[in-house]
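> with the input below, show me the fold.
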Amino acid sequence: MSRPIYFAGLSLTSPRGVSSEDVVLYNIPEFATAYKEKFGVFFLPTVTDSELSFERNKTRILVHYFSSWKDYVIVTRPFSFSVEEVEAIARKIREESKVIASIAASRLSSLTRLSSRFMGIVDGFEIDLGLTSLLIGEHRSFESYAIDVIEEFVSVSKRPVFVKVSPSVQLSSEFLENLRQTGIAGMVFTPHIVYSIGREFFRVHSPYLSKLYALIWAKLIASTDIPTAYISDIPEHLLGEVSVEKTFDILLFDTALLSTLVDMPGVVELDKEMPIRWRYIPDPLRPAIDVVREPQCLNVCPYRAFSKEKNLHDSPSGLAVADEKCNVCGLCLSSCKDVKLMATLTPE
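Numbers count the residues shown, from 1 in each chain. Down below sits the predicted model:
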(Lines give C-alpha, C1' and ligand atoms only; values in the text may rest on other atoms or scores of the structure.)
Protein backbone atom coordinates (compact mmCIF):
# COMPACT_ATOMS: atom_id res chain seq x y z
CA MET A 1 0.00 0.00 0.00
CA SER A 2 1.41 3.41 -1.01
CA ARG A 3 2.17 6.04 1.59
CA PRO A 4 -0.32 8.91 1.91
CA ILE A 5 0.43 12.33 0.43
CA TYR A 6 -0.21 15.31 2.67
CA PHE A 7 -1.66 18.43 1.07
CA ALA A 8 -2.73 21.40 3.19
CA GLY A 9 -3.22 19.13 6.19
CA LEU A 10 -5.27 16.58 4.24
CA SER A 11 -4.05 13.01 3.84
CA LEU A 12 -4.48 12.02 0.19
CA THR A 13 -4.05 8.64 -1.47
CA SER A 14 -2.76 10.34 -4.65
CA PRO A 15 -1.34 13.75 -5.67
CA ARG A 16 -3.94 13.89 -8.45
CA GLY A 17 -7.54 15.04 -8.32
CA VAL A 18 -10.59 16.30 -10.17
CA SER A 19 -11.14 20.05 -10.39
CA SER A 20 -14.29 21.98 -9.55
CA GLU A 21 -14.49 23.10 -13.20
CA ASP A 22 -15.69 19.75 -14.54
CA VAL A 23 -19.15 19.80 -16.17
CA VAL A 24 -19.35 16.23 -17.51
CA LEU A 25 -17.64 13.62 -15.34
CA TYR A 26 -19.59 14.17 -12.14
CA ASN A 27 -22.77 13.24 -14.04
CA ILE A 28 -21.43 9.75 -14.75
CA PRO A 29 -22.85 7.53 -11.97
CA GLU A 30 -19.84 5.22 -11.65
CA PHE A 31 -17.19 7.92 -12.16
CA ALA A 32 -16.02 8.42 -8.57
CA THR A 33 -15.92 4.71 -7.82
CA ALA A 34 -13.99 3.93 -11.00
CA TYR A 35 -11.39 6.63 -10.33
CA LYS A 36 -11.11 6.47 -6.54
CA GLU A 37 -7.69 4.78 -6.66
CA LYS A 38 -6.29 7.26 -9.18
CA PHE A 39 -7.51 10.48 -7.55
CA GLY A 40 -6.96 11.51 -3.96
CA VAL A 41 -9.20 14.57 -3.90
CA PHE A 42 -12.41 15.63 -5.60
CA PHE A 43 -13.15 19.35 -5.81
CA LEU A 44 -16.91 19.44 -6.33
CA PRO A 45 -18.51 21.55 -9.10
CA THR A 46 -18.71 25.21 -8.09
CA VAL A 47 -22.10 26.43 -6.86
CA THR A 48 -23.60 29.79 -6.02
CA ASP A 49 -26.88 31.11 -4.66
CA SER A 50 -27.00 33.84 -7.31
CA GLU A 51 -30.08 34.12 -9.52
CA LEU A 52 -27.68 33.64 -12.46
CA SER A 53 -26.89 30.08 -11.41
CA PHE A 54 -28.05 26.62 -12.43
CA GLU A 55 -30.46 26.27 -15.36
CA ARG A 56 -31.64 22.85 -16.49
CA ASN A 57 -31.80 21.74 -20.16
CA LYS A 58 -29.00 24.01 -21.29
CA THR A 59 -25.88 22.60 -22.89
CA ARG A 60 -22.73 22.99 -20.82
CA ILE A 61 -19.81 22.07 -23.09
CA LEU A 62 -18.88 23.27 -26.58
CA VAL A 63 -15.94 22.24 -28.74
CA HIS A 64 -14.68 25.40 -30.44
CA TYR A 65 -11.64 23.70 -31.96
CA PHE A 66 -10.08 20.27 -31.63
CA SER A 67 -7.03 18.77 -33.29
CA SER A 68 -5.62 16.64 -30.48
CA TRP A 69 -5.57 16.53 -26.67
CA LYS A 70 -2.59 18.88 -26.80
CA ASP A 71 -4.29 21.27 -29.22
CA TYR A 72 -7.89 22.26 -28.56
CA VAL A 73 -10.22 25.00 -27.36
CA ILE A 74 -13.24 23.81 -25.38
CA VAL A 75 -15.74 26.10 -23.65
CA THR A 76 -17.74 24.97 -20.60
CA ARG A 77 -20.58 26.48 -18.58
CA PRO A 78 -19.89 27.37 -14.93
CA PHE A 79 -22.71 26.78 -12.44
CA SER A 80 -23.98 23.76 -14.41
CA PHE A 81 -24.94 21.92 -11.21
CA SER A 82 -27.54 22.84 -8.62
CA VAL A 83 -26.62 22.92 -4.93
CA GLU A 84 -28.84 19.88 -4.37
CA GLU A 85 -27.06 17.90 -7.08
CA VAL A 86 -23.65 18.71 -5.66
CA GLU A 87 -24.79 17.76 -2.16
CA ALA A 88 -25.86 14.37 -3.53
CA ILE A 89 -22.49 13.92 -5.27
CA ALA A 90 -20.65 14.77 -2.04
CA ARG A 91 -22.60 12.17 -0.05
CA LYS A 92 -21.97 9.54 -2.70
CA ILE A 93 -18.18 9.93 -2.94
CA ARG A 94 -17.44 11.05 0.63
CA GLU A 95 -16.24 7.58 1.64
CA GLU A 96 -14.02 7.19 -1.42
CA SER A 97 -11.67 10.21 -1.22
CA LYS A 98 -11.26 13.68 0.21
CA VAL A 99 -14.00 16.04 -0.96
CA ILE A 100 -13.85 19.85 -1.26
CA ALA A 101 -16.95 22.00 -1.83
CA SER A 102 -16.42 24.91 -4.24
CA ILE A 103 -18.34 28.16 -3.77
CA ALA A 104 -18.61 31.51 -5.54
CA ALA A 105 -20.68 34.28 -3.99
CA SER A 106 -20.73 38.07 -3.88
CA ARG A 107 -21.38 38.32 -0.13
CA LEU A 108 -19.95 36.77 3.03
CA SER A 109 -23.47 35.84 4.15
CA SER A 110 -23.91 33.83 0.95
CA LEU A 111 -20.61 32.02 1.49
CA THR A 112 -21.51 31.02 5.03
CA ARG A 113 -25.02 29.99 4.00
CA LEU A 114 -23.76 27.81 1.17
CA SER A 115 -20.99 26.29 3.26
CA SER A 116 -23.52 25.27 5.91
CA ARG A 117 -25.20 23.06 3.29
CA PHE A 118 -22.01 20.99 3.04
CA MET A 119 -20.96 20.78 6.67
CA GLY A 120 -20.37 17.20 7.69
CA ILE A 121 -20.08 15.89 4.13
CA VAL A 122 -16.92 17.66 2.87
CA ASP A 123 -13.33 18.03 4.07
CA GLY A 124 -12.86 21.66 3.06
CA PHE A 125 -14.06 24.61 1.03
CA GLU A 126 -12.78 26.31 -2.11
CA ILE A 127 -13.63 29.95 -2.90
CA ASP A 128 -13.56 30.62 -6.64
CA LEU A 129 -12.26 34.19 -6.99
CA GLY A 130 -12.56 34.25 -10.79
CA LEU A 131 -16.31 33.61 -10.72
CA THR A 132 -16.71 35.78 -7.62
CA SER A 133 -15.21 38.74 -9.52
CA LEU A 134 -17.87 38.30 -12.23
CA LEU A 135 -20.65 38.09 -9.65
CA ILE A 136 -19.72 41.29 -7.82
CA GLY A 137 -18.91 43.27 -10.97
CA GLU A 138 -16.35 46.04 -11.27
CA HIS A 139 -17.92 48.58 -8.94
CA ARG A 140 -15.73 47.54 -6.00
CA SER A 141 -12.01 47.26 -5.34
CA PHE A 142 -11.91 43.51 -5.83
CA GLU A 143 -8.57 42.77 -4.19
CA SER A 144 -9.31 44.44 -0.86
CA TYR A 145 -12.90 43.18 -0.90
CA ALA A 146 -11.76 39.59 -1.56
CA ILE A 147 -9.18 39.71 1.24
CA ASP A 148 -11.79 40.98 3.75
CA VAL A 149 -14.36 38.34 2.78
CA ILE A 150 -11.85 35.47 2.76
CA GLU A 151 -10.40 36.50 6.13
CA GLU A 152 -13.86 36.56 7.70
CA PHE A 153 -14.85 33.25 6.13
CA VAL A 154 -11.63 31.53 7.25
CA SER A 155 -12.22 32.76 10.81
CA VAL A 156 -15.64 31.10 11.03
CA SER A 157 -15.07 28.00 8.87
CA LYS A 158 -14.67 24.68 10.66
CA ARG A 159 -12.94 23.19 7.62
CA PRO A 160 -9.79 24.16 5.67
CA VAL A 161 -10.38 26.93 3.13
CA PHE A 162 -8.75 27.01 -0.31
CA VAL A 163 -8.75 29.92 -2.73
CA LYS A 164 -8.88 29.41 -6.48
CA VAL A 165 -7.45 32.10 -8.76
CA SER A 166 -7.78 32.41 -12.53
CA PRO A 167 -6.40 34.75 -15.21
CA SER A 168 -9.39 36.99 -14.43
CA VAL A 169 -7.76 37.82 -11.09
CA GLN A 170 -4.69 40.05 -11.18
CA LEU A 171 -2.29 38.06 -9.04
CA SER A 172 0.80 39.82 -7.70
CA SER A 173 3.32 38.80 -5.05
CA GLU A 174 1.69 41.28 -2.67
CA PHE A 175 -1.82 39.89 -3.26
CA LEU A 176 -0.47 36.36 -2.82
CA GLU A 177 1.07 37.30 0.52
CA ASN A 178 -2.15 38.99 1.63
CA LEU A 179 -4.06 35.82 0.77
CA ARG A 180 -1.59 33.74 2.77
CA GLN A 181 -2.06 35.95 5.81
CA THR A 182 -5.82 35.35 5.82
CA GLY A 183 -5.09 31.82 7.05
CA ILE A 184 -6.11 29.88 3.94
CA ALA A 185 -4.97 26.26 3.77
CA GLY A 186 -3.90 26.34 0.13
CA MET A 187 -4.40 27.77 -3.35
CA VAL A 188 -5.72 26.34 -6.59
CA PHE A 189 -4.49 27.89 -9.83
CA THR A 190 -6.67 27.55 -12.92
CA PRO A 191 -5.59 28.67 -16.40
CA HIS A 192 -9.20 28.97 -17.54
CA ILE A 193 -10.39 32.39 -18.60
CA VAL A 194 -13.97 33.05 -17.52
CA TYR A 195 -16.29 35.60 -19.10
CA SER A 196 -19.96 36.47 -18.98
CA ILE A 197 -22.49 37.85 -21.44
CA GLY A 198 -25.57 39.01 -19.58
CA ARG A 199 -26.82 36.02 -17.60
CA GLU A 200 -24.57 33.54 -19.42
CA PHE A 201 -21.21 32.35 -18.05
CA PHE A 202 -18.37 30.75 -20.03
CA ARG A 203 -15.02 29.11 -19.20
CA VAL A 204 -12.27 28.54 -21.78
CA HIS A 205 -10.07 25.42 -21.66
CA SER A 206 -6.93 25.26 -23.80
CA PRO A 207 -3.61 23.37 -23.48
CA TYR A 208 -1.78 26.48 -24.70
CA LEU A 209 -3.25 28.66 -21.94
CA SER A 210 -2.65 25.81 -19.51
CA LYS A 211 1.06 25.66 -20.29
CA LEU A 212 1.45 29.46 -20.41
CA TYR A 213 -0.10 30.15 -17.01
CA ALA A 214 1.74 27.23 -15.43
CA LEU A 215 4.97 28.95 -16.43
CA ILE A 216 3.81 32.34 -15.14
CA TRP A 217 2.50 31.09 -11.81
CA ALA A 218 5.30 28.60 -11.14
CA LYS A 219 7.65 31.56 -10.78
CA LEU A 220 5.20 33.36 -8.49
CA ILE A 221 4.68 30.43 -6.09
CA ALA A 222 8.41 29.87 -5.74
CA SER A 223 8.48 32.62 -3.12
CA THR A 224 5.68 31.25 -0.93
CA ASP A 225 5.12 28.20 1.26
CA ILE A 226 1.38 27.96 0.56
CA PRO A 227 0.34 24.46 -0.63
CA THR A 228 -0.66 24.74 -4.30
CA ALA A 229 -2.70 22.82 -6.85
CA TYR A 230 -2.78 23.38 -10.60
CA ILE A 231 -5.51 22.52 -13.10
CA SER A 232 -3.97 21.08 -16.25
CA ASP A 233 -5.73 20.98 -19.62
CA ILE A 234 -3.06 18.59 -20.87
CA PRO A 235 -3.78 14.95 -19.96
CA GLU A 236 -1.23 13.59 -17.52
CA HIS A 237 0.09 10.93 -19.90
CA LEU A 238 1.05 13.73 -22.32
CA LEU A 239 2.95 15.76 -19.71
CA GLY A 240 6.73 15.40 -19.72
CA GLU A 241 8.67 14.04 -16.77
CA VAL A 242 9.93 17.53 -15.86
CA SER A 243 6.91 19.55 -17.02
CA VAL A 244 6.34 22.88 -15.25
CA GLU A 245 2.90 21.73 -14.08
CA LYS A 246 4.60 19.27 -11.74
CA THR A 247 6.21 22.08 -9.75
CA PHE A 248 2.84 22.48 -8.02
CA ASP A 249 2.07 20.20 -5.07
CA ILE A 250 -0.85 18.41 -6.72
CA LEU A 251 -2.42 18.33 -10.17
CA LEU A 252 -6.14 18.56 -10.92
CA PHE A 253 -7.92 17.70 -14.16
CA ASP A 254 -11.32 18.25 -15.74
CA THR A 255 -11.76 18.50 -19.53
CA ALA A 256 -8.46 16.67 -20.07
CA LEU A 257 -9.98 13.56 -18.48
CA LEU A 258 -12.36 13.23 -21.41
CA SER A 259 -9.37 11.85 -23.31
CA THR A 260 -9.87 8.58 -21.42
CA LEU A 261 -13.61 8.40 -22.06
CA VAL A 262 -14.43 9.60 -25.58
CA ASP A 263 -13.09 9.45 -29.13
CA MET A 264 -13.07 13.00 -30.43
CA PRO A 265 -13.38 13.68 -34.16
CA GLY A 266 -11.27 16.56 -35.45
CA VAL A 267 -13.18 19.84 -35.21
CA VAL A 268 -11.14 22.44 -37.06
CA GLU A 269 -13.13 25.67 -37.00
CA LEU A 270 -10.84 28.47 -35.91
CA ASP A 271 -12.98 31.05 -37.70
CA LYS A 272 -16.04 30.25 -35.57
CA GLU A 273 -16.99 32.93 -33.04
CA MET A 274 -16.72 32.16 -29.36
CA PRO A 275 -20.13 31.40 -27.81
CA ILE A 276 -22.23 34.17 -26.32
CA ARG A 277 -25.16 32.01 -25.24
CA TRP A 278 -25.81 28.38 -24.33
CA ARG A 279 -28.20 26.27 -26.34
CA TYR A 280 -31.48 25.31 -24.73
CA ILE A 281 -32.83 21.82 -25.57
CA PRO A 282 -36.38 21.28 -24.37
CA ASP A 283 -37.78 17.89 -23.43
CA PRO A 284 -38.30 15.45 -25.10
CA LEU A 285 -35.77 16.39 -27.81
CA ARG A 286 -32.48 14.49 -27.96
CA PRO A 287 -29.47 14.57 -30.31
CA ALA A 288 -29.44 12.22 -33.31
CA ILE A 289 -26.31 11.45 -35.32
CA ASP A 290 -25.86 9.86 -38.74
CA VAL A 291 -23.87 6.72 -37.97
CA VAL A 292 -23.33 6.03 -41.68
CA ARG A 293 -21.73 9.39 -42.45
CA GLU A 294 -20.08 9.90 -39.05
CA PRO A 295 -19.57 6.51 -37.37
CA GLN A 296 -16.87 8.00 -35.12
CA CYS A 297 -19.53 10.11 -33.39
CA LEU A 298 -20.97 7.01 -31.72
CA ASN A 299 -18.08 7.19 -29.25
CA VAL A 300 -18.10 10.92 -28.58
CA CYS A 301 -20.74 10.67 -25.85
CA PRO A 302 -19.23 10.21 -22.36
CA TYR A 303 -22.52 8.71 -21.16
CA ARG A 304 -22.69 6.09 -23.96
CA ALA A 305 -26.11 7.35 -25.01
CA PHE A 306 -25.68 6.17 -28.62
CA SER A 307 -25.91 2.50 -29.58
CA LYS A 308 -25.14 1.50 -33.16
CA GLU A 309 -26.91 -1.86 -33.02
CA LYS A 310 -30.06 -0.59 -31.32
CA ASN A 311 -30.45 2.55 -33.40
CA LEU A 312 -29.75 1.00 -36.81
CA HIS A 313 -32.35 -1.64 -36.04
CA ASP A 314 -34.92 0.95 -34.98
CA SER A 315 -34.00 3.57 -37.58
CA PRO A 316 -33.49 2.42 -41.18
CA SER A 317 -32.31 5.94 -42.05
CA GLY A 318 -29.12 5.28 -40.11
CA LEU A 319 -29.81 7.93 -37.48
CA ALA A 320 -28.75 7.05 -33.95
CA VAL A 321 -30.90 8.86 -31.40
CA ALA A 322 -29.51 9.36 -27.91
CA ASP A 323 -31.25 7.24 -25.31
CA GLU A 324 -32.28 8.07 -21.75
CA LYS A 325 -28.64 8.27 -20.61
CA CYS A 326 -28.28 11.58 -22.51
CA ASN A 327 -28.38 14.68 -20.34
CA VAL A 328 -27.87 17.23 -23.15
CA CYS A 329 -24.29 18.12 -22.21
CA GLY A 330 -23.72 19.36 -25.77
CA LEU A 331 -20.48 17.54 -26.59
CA CYS A 332 -21.87 15.71 -29.62
CA LEU A 333 -23.66 18.83 -30.88
CA SER A 334 -20.39 20.70 -31.31
CA SER A 335 -18.16 17.73 -32.22
CA CYS A 336 -20.17 16.18 -35.05
CA LYS A 337 -21.05 17.89 -38.31
CA ASP A 338 -24.63 16.83 -38.83
CA VAL A 339 -26.53 16.46 -35.57
CA LYS A 340 -30.30 16.73 -35.48
CA LEU A 341 -32.63 17.07 -32.52
CA MET A 342 -35.38 14.48 -32.49
CA ALA A 343 -38.12 13.32 -30.19
CA THR A 344 -38.69 9.59 -29.87
CA LEU A 345 -42.32 8.60 -29.38
CA THR A 346 -43.38 5.35 -27.76
CA PRO A 347 -46.85 3.85 -28.12
CA GLU A 348 -48.95 3.94 -24.98
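
> domains in the protein, by residue range?
The record's domain split for the chain, according to automatic domain parsing, is 5-260, 285-339.

> now those domains as TSV including mean pLDDT, distance to R279 and mean neighbour count?
(Each C-beta comes from the backbone N, C-alpha and C, glycine too.) What follows is the domains of the chain, written out as TSV (pLDDT from 0 to 100; distance: least, C-beta to C-beta, whole Å; neighbours: other C-beta atoms under 10 Å):
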stretch	mean pLDDT	distance to R279	mean neighbour count
domain 5-260	91	5	19
domain 285-339	82	6	18
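
> now these in JSON lines, with distance to E273?
Formatted as JSON lines, the domains of the chain follow (distance: least, C-beta to C-beta, whole Å):
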{"stretch": "domain 5-260", "distance to E273": "9"}
{"stretch": "domain 285-339", "distance to E273": "13"}
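
> that's a helix at D22, yeah?
No - counting by DSSP: H, G, I helix; E, B strand; the rest coil, one finds D22 to be coil, located in no helix.

> which element follows the strand ranked longest in the chain toward the C-terminus?
When the chain is parsed with DSSP state E, its longest strand is strand 61-68. Downstream of strand 61-68, the next assigned helix or strand under DSSP states H and E is strand 71-76.

> now do that following strand: distance to the chain's middle.
12 Å (C-alpha atoms, centre = their mean, to the nearest Å).

> quick check: what element follows that strand along the chain?
The helix or strand immediately downstream of strand 71-76 is helix 83-93, counting by DSSP H and E.

> now that next one, how far from the centre of its chain.
15 Å.

> which neighbouring elements make contact with it?
helix 31-35, strand 98-103, helix 108-118 (3 or more C-beta pairs under 8 Å, 6 or more residues apart in numbering; DSSP states H and E).

> which residues does E37 contact?
13-14 (C-beta atoms under 8 Å, 6 or more residues apart in numbering).

> where's it relative to F66, distance?
Separation of E37 from F66 (C-beta to C-beta, to the nearest Å): 29 Å.

> go on, L261?
Distance from L261 to F66, by C-beta to C-beta: 15 Å.

> what do you get for S80?
S80 is 20 Å from F66, where distance means C-beta to C-beta.

> what do you get for S173?
Using C-beta to C-beta, S173 is found at 36 Å from F66.

> next one: P275
Remark: distance between P275 and F66 (C-beta to C-beta) = 15 Å.

> not including adjacent chain positions, what is the nearest residue to Y6?
In this structure, Y6 finds its nearest non-sequential neighbour in L12, 7.3 Å apart by C-beta to C-beta, 6 or more residues apart in numbering.

> for that neighbour, list each beta-bridge partner.
Legend: beta-bridge partners of L12 under DSSP bridges are I5.

> check contacts around it.
4-6, 40-41, 97-98, 250.

> ok, it to G130 distance?
Distance, L12 to G130, using C-beta to C-beta: 24 Å.

> ok, now D148?
18 Å.

> could you do S172 as well?
16 Å.

> how about D22?
15 Å.

> what's the answer for M264, then?
26 Å.

> do T228 as well
T228 is 16 Å from G130, by C-beta to C-beta.
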